[in-house]
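# What follows is a predicted structure for the sequence shown.
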Amino acid sequence: KSGFLYLNDKRVKRMELEPFPMRNENGNFIAAKRYVETLPNGKSYEIIEKSGNIGPLDNTPEYLVPQGHYFALGDNRDNSLDSRIPNRYGINGVGYIPVENLVGRAEIIFFSTDGTASLLEPWGWYQAARFQRFFQGIK
């Protein structure tokens, strides 16, 4: 609701951090807002909000996750292909994830780009690479 995460009808605590430098759709660097969210169980993680609280994914309906499924929510809240986007109607979304589809835990970021390079244009990969993220462990 209005760009904030709610879990079981309670707003998740969020604290603003230093801006995060990232590229926009034109390839220019911008200072995206960065926050740390803390879940009711005390688990914290960082998120990025490129367009503030007015993006198309900032006001979604309430999600009721079916039993035997998981809901995945990306950290780049304005530009994550996650469970908020259903996999139907010709849209290659994620939707709810059946528990049997989870086969392991992500442990490391192997390769990361800022999204400005095409997979079909490897000569642009170097400029788009986010080297500081290569081989980083996932918390």
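Yep, it's here.
# so where do the strands sit in the protein?
Using DSSP state E, the strands of the chain run over 6-7, 10-11, 13-16, 20-23, 29-38, 44-49, 69-70, 97-98, 108-109, 136-137.
# Any idea which of these has the lowest pLDDT on average?
Mean pLDDT values for the strands of the chain show the minimum at strand 20-23, a mean of 80.
# Only the buried residues of that strand, if you could.
Residues 20, 22-23 are the ones in strand 20-23 that count as buried (16 or more other CB atoms under 10 Å). In this view, the C-beta of every residue, glycine as well, is placed from N, C-alpha and C.
# Could you list the domains of the protein?
Following automatic domain parsing, one gets these domains for the chain: 6-104, 105-139.
# how about the last one: buried residues?
Which is domain 105-139. Per 16+ other CB under 10 Å, domain 105-139 contains these buried residues: 113-114, 117, 128.
# so what strands line up beside the lowest-mean-pLDDT helix or strand in the chain?
The weakest-scoring helix or strand in the chain, judged by mean pLDDT, DSSP states H and E, is strand 20-23 (a mean of 80). Partners of strand 20-23 in the sheet, by DSSP bridges, are strand 29-38 (antiparallel).
# tilt between the strand it pairs with and strand 44-49?
150 degrees (axes from the mean of the first three to the mean of the last three CA atoms, to 10 degrees).
# that older thread, of all pairs in the buried residues of domain 105-139, which one spans the longest distance?
Greatest spatial distance among the buried residues of domain 105-139 (CB to CB): D114 and A117, at 8.0 Å.
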